[in-house]
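**Q** Kindly generate the corresponding structure for this input.
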Amino acid sequence: MPLALAPGCDRGAHPAQTGQQAPDFTISDGSTTVHLASYRGQVVLLNFWATWCPPCIEEMPSLLELHHAQPDLAVLAVSIDEDPEAYSRFLIRHHVDLITVRDPGQKAAQLYRTEMWPETYIIDRKGFIRRKVVGPQDWGSPEIRAYLKSL
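**A** As a prediction, the model looks like this:
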(Lines give C-alpha, C1' and ligand atoms only; values in the text may rest on other atoms or scores of the structure.)
Protein backbone atom coordinates (compact mmCIF):
# COMPACT_ATOMS: atom_id res chain seq x y z
CA MET A 1 0.00 0.00 0.00
CA PRO A 2 2.71 2.64 0.80
CA LEU A 3 4.17 2.28 -2.69
CA ALA A 4 0.87 3.22 -4.28
CA LEU A 5 0.72 6.39 -2.20
CA ALA A 6 4.33 7.50 -2.66
CA PRO A 7 3.84 9.34 -5.99
CA GLY A 8 0.86 11.19 -4.55
CA CYS A 9 2.79 12.18 -1.45
CA ASP A 10 5.61 13.58 -3.56
CA ARG A 11 3.27 15.79 -5.55
CA GLY A 12 1.24 16.75 -2.50
CA ALA A 13 3.80 18.38 -0.25
CA HIS A 14 3.85 21.72 -2.08
CA PRO A 15 0.83 21.99 -4.37
CA ALA A 16 0.38 24.97 -6.64
CA GLN A 17 -2.29 26.22 -4.21
CA THR A 18 0.09 26.52 -1.23
CA GLY A 19 0.13 30.12 -0.08
CA GLN A 20 -3.08 30.91 -1.94
CA GLN A 21 -6.50 31.64 -0.51
CA ALA A 22 -8.39 28.41 0.14
CA PRO A 23 -11.34 28.08 -2.27
CA ASP A 24 -14.55 28.78 -0.36
CA PHE A 25 -17.49 26.40 -0.56
CA THR A 26 -20.81 25.62 1.06
CA ILE A 27 -21.86 21.97 1.14
CA SER A 28 -25.09 20.71 2.65
CA ASP A 29 -26.17 17.08 2.83
CA GLY A 30 -29.53 17.61 4.50
CA SER A 31 -28.29 17.15 8.05
CA THR A 32 -25.02 19.12 8.04
CA THR A 33 -23.94 22.29 6.26
CA VAL A 34 -20.33 23.36 6.03
CA HIS A 35 -19.39 26.86 4.84
CA LEU A 36 -15.61 27.09 4.86
CA ALA A 37 -15.49 30.89 5.22
CA SER A 38 -17.37 30.65 8.52
CA TYR A 39 -14.20 29.10 10.03
CA ARG A 40 -12.02 32.13 9.22
CA GLY A 41 -10.00 32.98 12.31
CA GLN A 42 -9.41 29.30 13.10
CA VAL A 43 -6.82 26.89 11.77
CA VAL A 44 -8.70 24.39 9.58
CA LEU A 45 -7.79 20.83 8.73
CA LEU A 46 -9.90 20.12 5.63
CA ASN A 47 -9.98 16.38 5.00
CA PHE A 48 -11.45 14.74 1.89
CA TRP A 49 -12.35 11.10 2.53
CA ALA A 50 -14.73 8.20 1.87
CA THR A 51 -16.08 5.31 3.93
CA TRP A 52 -15.01 2.77 1.27
CA CYS A 53 -11.40 4.03 1.20
CA PRO A 54 -9.03 1.84 3.30
CA PRO A 55 -6.43 4.63 3.86
CA CYS A 56 -9.26 6.97 4.95
CA ILE A 57 -10.51 4.38 7.44
CA GLU A 58 -6.94 3.92 8.69
CA GLU A 59 -6.59 7.68 9.23
CA MET A 60 -9.96 8.37 10.91
CA PRO A 61 -8.99 7.38 14.50
CA SER A 62 -6.01 9.74 14.30
CA LEU A 63 -8.23 12.59 13.03
CA LEU A 64 -10.69 11.96 15.85
CA GLU A 65 -7.87 11.97 18.40
CA LEU A 66 -6.60 15.30 17.02
CA HIS A 67 -10.13 16.73 17.08
CA HIS A 68 -10.47 15.84 20.78
CA ALA A 69 -6.94 16.97 21.71
CA GLN A 70 -7.12 20.36 19.97
CA PRO A 71 -10.70 21.67 20.19
CA ASP A 72 -9.59 25.09 18.91
CA LEU A 73 -8.65 23.41 15.59
CA ALA A 74 -11.50 23.07 13.09
CA VAL A 75 -11.35 19.55 11.68
CA LEU A 76 -13.71 19.45 8.70
CA ALA A 77 -14.21 16.15 6.90
CA VAL A 78 -15.84 16.16 3.46
CA SER A 79 -16.94 12.68 2.39
CA ILE A 80 -17.41 11.82 -1.26
CA ASP A 81 -19.72 8.91 -0.39
CA GLU A 82 -22.70 8.46 -2.68
CA ASP A 83 -24.61 6.09 -0.38
CA PRO A 84 -26.12 8.09 2.52
CA GLU A 85 -26.94 4.94 4.52
CA ALA A 86 -23.39 3.55 4.32
CA TYR A 87 -22.07 6.97 5.31
CA SER A 88 -24.40 7.21 8.33
CA ARG A 89 -23.58 3.66 9.44
CA PHE A 90 -19.86 4.45 9.27
CA LEU A 91 -20.24 7.60 11.39
CA ILE A 92 -22.13 5.68 14.06
CA ARG A 93 -19.93 2.56 13.99
CA HIS A 94 -16.70 4.57 14.27
CA HIS A 95 -18.05 7.22 16.69
CA VAL A 96 -17.20 10.06 14.29
CA ASP A 97 -18.03 13.25 16.19
CA LEU A 98 -16.05 15.79 14.19
CA ILE A 99 -17.72 18.02 11.62
CA THR A 100 -18.36 15.96 8.52
CA VAL A 101 -20.56 16.48 5.49
CA ARG A 102 -21.35 14.24 2.54
CA ASP A 103 -20.55 15.69 -0.90
CA PRO A 104 -21.30 12.94 -3.43
CA GLY A 105 -20.99 15.37 -6.35
CA GLN A 106 -17.43 16.17 -5.18
CA LYS A 107 -18.01 19.91 -5.63
CA ALA A 108 -15.57 20.86 -2.87
CA ALA A 109 -12.99 18.25 -3.94
CA GLN A 110 -13.04 19.65 -7.48
CA LEU A 111 -12.29 23.16 -6.17
CA TYR A 112 -9.16 21.74 -4.54
CA ARG A 113 -8.26 19.47 -7.47
CA THR A 114 -8.42 16.51 -5.10
CA GLU A 115 -8.22 13.15 -6.81
CA MET A 116 -6.74 10.85 -4.17
CA TRP A 117 -8.31 9.90 -0.87
CA PRO A 118 -7.60 10.91 1.76
CA GLU A 119 -6.26 14.36 0.98
CA THR A 120 -6.01 17.00 3.66
CA TYR A 121 -5.43 20.74 3.41
CA ILE A 122 -4.09 22.74 6.32
CA ILE A 123 -5.55 26.24 6.16
CA ASP A 124 -4.30 29.05 8.39
CA ARG A 125 -6.42 31.54 10.36
CA LYS A 126 -6.48 33.99 7.44
CA GLY A 127 -7.80 31.37 5.03
CA PHE A 128 -4.58 30.55 3.18
CA ILE A 129 -3.54 27.00 2.29
CA ARG A 130 -0.30 26.20 4.11
CA ARG A 131 0.05 22.49 3.35
CA LYS A 132 -1.49 19.65 1.45
CA VAL A 133 -1.15 16.11 2.75
CA VAL A 134 -1.88 13.13 0.50
CA GLY A 135 -2.57 9.78 2.09
CA PRO A 136 -3.24 8.74 5.66
CA GLN A 137 -1.34 10.57 8.38
CA ASP A 138 -0.63 10.10 12.04
CA TRP A 139 -2.20 13.37 13.19
CA GLY A 140 -0.92 12.65 16.68
CA SER A 141 2.74 12.99 15.75
CA PRO A 142 4.58 15.68 17.74
CA GLU A 143 5.81 17.34 14.51
CA ILE A 144 2.32 17.73 13.06
CA ARG A 145 0.86 18.90 16.39
CA ALA A 146 3.64 21.49 16.78
CA TYR A 147 3.13 22.70 13.19
CA LEU A 148 -0.63 23.10 13.70
CA LYS A 149 -0.12 24.99 16.96
CA SER A 150 2.39 27.29 15.21
CA LEU A 151 -0.32 28.50 12.86
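
**Q** Show me where the protein dips below the pLDDT cut-off.
**A** Confidence mapping of the chain against pLDDT under 70 gives the ranges 1-16.

**Q** and if we set it to 50?
**A** Low-confidence segments of the chain (pLDDT under 50): 1-14.

**Q** who does the residue nearest to the spatial centre of it bridge with?
**A** Nearest to the geometric centre of the chain sits residue 47, at 0.7 Å (Cα atoms, centre = their mean). Beta-bridge partners for residue 47, by DSSP bridges, are residue 77, residue 120.

**Q** Wait, it touches residue 79, no?
**A** No: the pair residue 47 / residue 79 is not scored as a contact, 9.2 Å apart, by Cβ atoms under 8 Å. Every residue, glycine included, has its C-beta placed from N, CA and C.

**Q** for the protein, what spans make up the helices?
**A** 2-12, 54-69, 84-93, 107-111, 142-150 (DSSP state H).

**Q** how about these in JSON lines, adding distance to residue 122 and mean neighbour count?
**A** Shown next, in JSON lines, are the helices of the chain (distance: least, Cβ to Cβ, whole Å; neighbours: other Cβ atoms under 10 Å):
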{"stretch": "helix 2-12", "distance to residue 122": "12", "mean neighbour count": "12"}
{"stretch": "helix 54-69", "distance to residue 122": "11", "mean neighbour count": "18"}
{"stretch": "helix 84-93", "distance to residue 122": "23", "mean neighbour count": "14"}
{"stretch": "helix 107-111", "distance to residue 122": "16", "mean neighbour count": "16"}
{"stretch": "helix 142-150", "distance to residue 122": "7", "mean neighbour count": "12"}
